[in-house]
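Novice: Sequence and computational prediction follow.
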Amino acid sequence: MTGTPYRLLAVDEPAPITVHNESGRSPLLIVVDHAGNLLPRALGRLGVPESELARHIAWDIGVAAVSRFVADALDATLVQQNYSRLVIDCNRAPGSQTSIPEISEFTPIPGNVGLSEGQKDARLREIFRPYHDRIKAELDRRWREGRPAALIAMHSFTPVYMGAARPWHAGVLYNRDARFANLLIGSLRREDGLIVGDNEPYSVTDETDYTIPVHGERRGLLHVEVEIRQDLIAGDSEQRAWGSLLARLLPQAYQELTTMSSLRP
């Protein structure tokens with residue numbers, strides 16, 4: 001007889017995911033893996049100073065607001081994950097070394113050391129799975145209804161990582177299918193003054209990513225991952241500006257791709 005599974009989230013704590021504009025009609029599905037820096041009450045602060053929990057190691061600063069502006073402008077559905085990536089990273093394969101990190105950049109995470117399998121499973125069961133199950137359900141629904149879908153994964157990155165400055169204002173990421181990314185890179189580079197990374201400051205791989213490989217590549221969907229430098233989306237006006245820019249460029253790229261596909265013999 002098995003015991004009761006370890007419970008992580010209390011019933012009065014915030015839900016792991018938020019779905020914004022659930023009935024949106026845009027073919028673009030926007031997802032944010034690291035939207036929040038909430039910590040379950042049972043974990044305290046994971047042994048990490050409060051100041052560190054406000055930094056990039058805990059979440060993708062600013063990108064949730066940008067994504068909401070895009071969703072509202074395009075009548076698109078947005079699915080975001082609200083708990084800190086230090087609890088469990090929802091863009092890493094479960095069981096991988098960086099899924100529940102014991103150190104992030106230069107910061108040790110004592111609350112992630114020596115976890116039992118039950119404790120790890122609770123994080124997977126109560127935070128990771130609800131988020132990815134919701135993305136899967138949304139894409140399944142669109143497939144059943146014969147509705148088109150494209151996956152837009154939104155992230156932000158720190159201006160300085162491991163002591164190295166990053167010059168890019170934004171990065172566009174991809175792995176096996178670069179079609180959406182190539183069009184978006186071209187569009188962003190035509191904007192005045194933008195330095196745009198082509199698979200910089202990261203690239204998408206099966207080892208370092210989960211959302212795009214699982215929900216985008218395996219389904220054969222058009223997809224792209226967008227990274228914005230965090231100092232450029234620190235305030236409301238900057239978030240609105242980037243939201244407006246992406247709300248203009250993302251559907252243009254999508255429309256061009258679908259038009260090209262329809263013209264093929």
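Specialist: Sure, I can see it.

Novice: From now on I want contacts and neighbour counts done on CA atoms only, so please keep to that.
Specialist: OK.

Novice: which sections of the stretch 151-265 of the chain are below the confidence cut-off?
Specialist: When residues are selected by pLDDT under 70, those of the stretch 151-265 of the chain lie in 261-265.

Novice: D198: what's it in contact with?
Specialist: Going by CA atoms under 8 Å, 6 or more residues apart in numbering, D198 touches 171-173, 185.

Novice: could you dump these to CSV with neighbour count, distance to H223 and secondary structure?
Specialist: Supplementary listing: the contacts of D198 in CSV, determined by neighbours: other CA atoms under 10 Å; distance: CA to CA, whole Å; DSSP: H, G, I helix; E, B strand; the rest coil:
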residue, neighbour count, distance to H223, secondary structure
G171, 26, 14, strand
V172, 28, 11, strand
L173, 26, 10, strand
I185, 22, 13, helix
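
Novice: and of these, the nearest to I88?
Specialist: Nearest to I88, judged by CA to CA, of those is L173 at 21.8 Å.

Novice: Can you tell me, leaving aside adjacent residues, what's nearest to the closest one?
Specialist: In space, not counting the residues next to it along the chain, L173 is nearest to N199; the distance is 4.5 Å by CA to CA, 6 or more residues apart in numbering.

Novice: correct me, but that neighbour touches Y174?
Specialist: Yes. The pair N199 and Y174 passes the contact test of CA atoms under 8 Å, sitting 6.6 Å apart.

Novice: Which one of those two is surrounded by more residues?
Specialist: More crowded of N199 and Y174, by other CA atoms under 10 Å: Y174, with 24 against 19.

Novice: quick one, what contacts the closest residue to the more buried one other than its chain neighbours?
Specialist: In this structure, Y174 finds its nearest non-sequential neighbour in V204, 5.2 Å apart by CA to CA, 6+ apart. When contacts are counted by CA under 8 Å, 6+ apart, V204 is found next to 173-175, 212.

Novice: With I127 instead?
Specialist: The neighbourhood of I127, defined by CA under 8 Å, 6+ apart, consists of 16-17, 81, 83, 88.

Novice: Can you give me the end-to-end span of stretch 8-27?
Specialist: Terminal residues of stretch 8-27 lie 35 Å apart, using CA to CA, to the nearest Å.

Novice: ok, and for it, which residues are buried?
Specialist: Applying a neighbour-count criterion of 16 or more other CA atoms under 10 Å, the buried positions in stretch 8-27 are 8-9, 15-20, 24, 26-27.
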